[in-house]
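J.: could you work out the structure for the sequence below:
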Amino acid sequence: MEICYESQAASEEKQQVDSEDEASDGDGDDDDENLREAAGDSKDSSSLEATRDLVAMWRHAGKLVPQEMTDEEVRALAELTTKSSRKKYLKYLAKKECHRRTHKEKQAKKKAEREAWIEQSRGQDEKLRNTFFLQFWSRSLDKVLAWRSAQAMVFGQPLVYDLSYESNMLRRDVENTVSQLMDVEAYNRRATDPFHLHFCNLQLDGTYRQELLRRYGKEAWDRLLITSTDRQHVDVFPREQLVYLTADSPNVLRKFDHSKVYIIGALVDRSIQSGLSLANAKRLKLATARLPLNEFLHWEMGAKNLTLDQMFRIMLTLKETGNWEEALQFVPKRKHDGFLQKEMTSNRVRGPRKEGDRG
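T.: Numbers count the residues shown, from 1 in each chain. Reported below is the predicted structural model:
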């Protein structure tokens, strides 16, 4: 997150303005009266101009206000009823404007540096040849990855993300979930043997889809090589093929089954309600399983919930290698204290030895 620092002169000026505000409440009261009159009919253009003139007067007086304001911002300011709320709103707009200005300056600086590098490299044929080669290689690689994803949509093993939980999450948690789903799609696109991703229960007017369209853009979203549907997974695949992966399941996933369709609930850690996905799977009479975290890892305190992209990388590695130790490398090391001994883990994954079994 970028931070916009005021110059020393601006900081001193701000302190001076604060002290002046404390010493000149009478003037502030006059300003408040003028603003209340402007707020009487905030939709009127003359009232908006009066509010703009008042802000301009505060700006000349050295108060912390934005240099430019939209009609909506002026209207919102005029509708505020207290002096403190107006000061806070103007301070917020000024800081927001400063952030934008700093960002533009950084972008301009990067652009200037890039143009300077291009100008410097123009006489170096070898460097330019390498640049052209990299651009060609990048385009070719994109085509190869797109071809793999297209092949996966026809022949690949499905992996389902259940997007039926938006009513159980706050808006910011849905946004976090969508960020993780975008990571999942990116990892899958770059995989040697990608899954055929399915986003099920994706409602057309739901928050998930709105956020996905906002992040990707409609054109890019329509080009994604995934399957999205508002139907439930039980309406898309045979019920006997489905296995719902949930940390609350009593059943351990001991090996990867290429004939199964695994389902992952599209939830984030901080919004997961205990047993929610398990209850959902039981209601639909689906088989469930959990990752063998206890069987392989010295697990520390806390819930055994992983992010959507971590779950995906574990399942992708397991599909490609069949090796749990390699797959579980994607579990954050802050959550566990290393792997258990190999002999112990192999016994736990195989389960207890029955009488008469040979070693």
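
J.: alpha carbons only for contacts and neighbour counts from here, please
T.: OK.

J.: look at Pro332 and report its pLDDT.
T.: We have a pLDDT of 86 for Pro332.

J.: cool, and Arg209?
T.: 92.

J.: and Asp162, what does it touch?
T.: For Asp162, the contacting residues are 199-201, 233, 263-266, by Cα atoms under 8 Å, 6 or more residues apart in numbering.

J.: and with 7 Å instead?
T.: By Cα atoms under 7 Å, 6 or more residues apart in numbering, the residues touching Asp162 are 199-201, 263-266.

J.: mind listing the helices for this protein?
T.: For the chain, the helices defined by DSSP state H cover 8-23, 25-39, 45-60, 71-79, 83-121, 125-155, 171-189, 207-216, 218-223, 276-283, 293-296, 308-321, 324-327, 342-350.

J.: in strands, which of the contacts of Asp162 appear?
T.: Using DSSP state E, 199-200, 263-265 are the members of the contacts of Asp162 that sit in strands.

J.: which of those has the weakest pLDDT?
T.: Ranking those by pLDDT puts Gly265 at the bottom, with 92.

J.: distance check, the residue lying closest to that residue once chain neighbours are set aside against Leu308.
T.: Leaving aside its sequence neighbours, Gly265 sits nearest to Asp162 (Cα to Cα, 6 or more residues apart in numbering; 4.8 Å). Taking Cα to Cα, to the nearest Å as the measure, Asp162 falls 11 Å from Leu308.

J.: where does the stretch 201-350 of the chain dip in pLDDT?
T.: Residue ranges of the stretch 201-350 of the chain with pLDDT under 70: 269-273, 300-303, 342-350.

J.: actually the stretch 51-200 of the chain, sorry about that
T.: 119-145.

J.: how is this structure partitioned into domains?
T.: Using automatic domain parsing, the domain parsing of the chain gives 10-100, 156-350.

J.: of all the ones you listed, which one comes closest to Trp147?
T.: Trp147 lies closest to domain 156-350 among these, at 9.5 Å (Cα to Cα).

J.: run the chain-centre distance for that closest one.
T.: Centroid separation for domain 156-350 versus its chain: 16 Å, with Cα atoms, centre = their mean, to the nearest Å.

J.: need the ones in strands among the contacts of Asp162 in TSV (columns: neighbour count).
T.: What follows is the ones in strands among the contacts of Asp162, written out as TSV (neighbours: other Cα atoms under 10 Å):
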residue	neighbour count
Phe199	23
Cys200	23
Ile263	23
Ile264	19
Gly265	21
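
J.: quick one: which of those is nearest Trp117?
T.: Phe199 (43.3 Å).

J.: how many neighbours does His196 have?
T.: Using other Cα atoms under 10 Å, His196 is surrounded by 22 other residues.

J.: OK, contacts around it?
T.: By Cα under 7 Å, 6+ apart, His196 lies in contact with 152-153, 156-159, 226.

J.: in strands, which of these fall?
T.: 158-159.

J.: farthest-apart pair in the contacts of His196, please.
T.: Applying Cα to Cα across these, the maximum distance is between Gln157 and Ile226, 12.3 Å.

J.: so what's Gly156 up against?
T.: Each residue near Gly156 by Cα under 7 Å, 6+ apart is listed here: 194-196.

J.: dump the domains of the chain to TSV, plus distance to Lys106.
T.: Converted to TSV, those look like this (distance: least, Cα to Cα, whole Å):
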stretch	distance to Lys106
domain 10-100	10
domain 156-350	23
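
J.: which among the ones you listed is found nearest to Ala146?
T.: Going by Cα to Cα, the one of these nearest Ala146 is domain 156-350, 7.1 Å.

J.: one step back: what's the closest of the contacts of Asp162 to Asp257?
T.: Asp257 lies nearest to Ile263 out of the contacts of Asp162, by Cα to Cα, at 12.9 Å.

J.: bridge partners for the closest one, pull those for me.
T.: Per DSSP bridges, the residues bridged to Ile263 are Val160, Tyr244.

J.: look up how far Gly338 lies from it.
T.: On the measure of Cα to Cα, Ile263 and Gly338 end up 27 Å apart.

J.: just to check, Val252 is in contact with Glu295?
T.: No - Val252 is beyond contact range of Glu295, at 9.1 Å (criterion: Cα atoms under 7 Å).

J.: tally of neighbours for the spatially closest residue to Tyr187 that is not a sequence neighbour?
T.: Among residues not flanking Tyr187 along the chain, Arg313 sits closest, at 7.7 Å (Cα to Cα, 6+ apart). Arg313 has 20 neighbours, counted by other Cα under 10 Å.

J.: what about Arg313, distance to Val184?
T.: 8 Å.

J.: report the beta-bridge partners for the closest residue to Ile226 other than its chain neighbours.
T.: Of all residues not flanking Ile226 in the chain, Leu197 sits nearest, at 5.2 Å (Cα to Cα, 6+ apart). Taking DSSP bridges as the rule, Leu197 bridges to Leu159.
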